[in-house]
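Visitor: 3D model of this:
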Amino acid sequence: MAVVLYPGSFDPVHNGHMEIVETASRLFDEVVVAAMRNPQKGEPLFTLAEREDMIREVFAHLDNVKVTMFSSLVVDLARDVGADFIVKGLRAVSDFESELQMAQMNHAISGVDTLFIPSASEHSFLASKLIREIARFGGDVGSMVPRAVSARLVGKYVKDAD
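Guide: Numbering: from 1, shown residues only. Predicted coordinates for the structure are as follows:
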């Protein structure tokens, strides 16, 4: 059974993430989606628990997708969940440069290989940071995120405005 790990911050999960998970779920027996707190990305909008709930809801239609949270090295989590590979999505050449370096480092310290899945052009511009910014100012992100995520974004910013 081939297991892949798809790590990320998913703050929030968007249609580009959905595309990568849905593709991986067709290619592999099991996909483990793992959300983490990434200190390099600043303060998250959603807590890990909120992200876990969103991810579970968004991927509930895929029987071979599991969800977990982590705060360790990706390679340690890969070992813990029995992942054969780490999977990462690529939107642009700039993603490849940083993801390749990370993949090489992960392989050097653990032997785990990383597979890259390019996103479709209609999702290549999506980034959680930009989606949060648009939503913060009342912009419509409904075409960029799953419905459940859109509702949570609206709720988060409406609640914060009160």
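
Visitor: which regions of the protein lie under the pLDDT threshold?
Guide: 38-41, 158-162 (pLDDT under 70).

Visitor: where exactly do the strands run in it?
Guide: 3-8, 30-36, 65-70, 85-90, 113-118 (DSSP state E).

Visitor: so which of the ones you listed gets nearest residue 101?
Guide: Residue 101 sits nearest to strand 113-118 of all the strands of the chain, at 10.7 Å, using Cβ to Cβ. Where you see a C-beta, it was placed from the backbone N, CA and C, and this is true even at glycine.

Visitor: Next, the buried residues of stretch 78-95.
Guide: Across stretch 78-95, burial judged by 16 or more other Cβ atoms under 10 Å covers 78, 81, 83-91, 95.

Visitor: quick one: the longest helix anywhere in the chain to strand 85-90, angle?
Guide: Ranked by residue count and defined by DSSP state H, the top helix of the chain is helix 93-110. Put simply, helix 93-110 runs at 160 degrees to strand 85-90, going by axes from the mean of the first three to the mean of the last three Cα atoms, to 10 degrees.

Visitor: does the residue lying closest to residue 52 once chain neighbours are set aside have beta-bridge partners, and which?
Guide: Counting by Cβ to Cβ, 6 or more residues apart in numbering, the nearest residue to residue 52 once its immediate chain neighbours are dropped is residue 69, at 5.6 Å. Beta-bridge pairing for residue 69 (DSSP bridges): residue 35.

Visitor: Can you name the residues that contact residue 69?
Guide: Residues counted as contacts of residue 69 (Cβ atoms under 8 Å, 6 or more residues apart in numbering) are 34-36, 48-49, 51-52.

Visitor: just the buried members of the residues you listed?
Guide: Among the contacts of residue 69, those buried by neighbour count (16+ other Cβ under 10 Å) are 34-36, 48, 51-52.

Visitor: between those residues, which is nearest residue 6?
Guide: Ranked by distance to residue 6 (Cβ to Cβ), these are led by residue 34 at 6.9 Å.

Visitor: before we move on, the earlier item: I'd like the contacts of residue 69 as TSV, with distance to residue 155 appended.
Guide: What follows is these, written out as TSV (distance: Cβ to Cβ, whole Å):
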residue	distance to residue 155
34	24
35	19
36	23
48	18
49	15
51	14
52	17
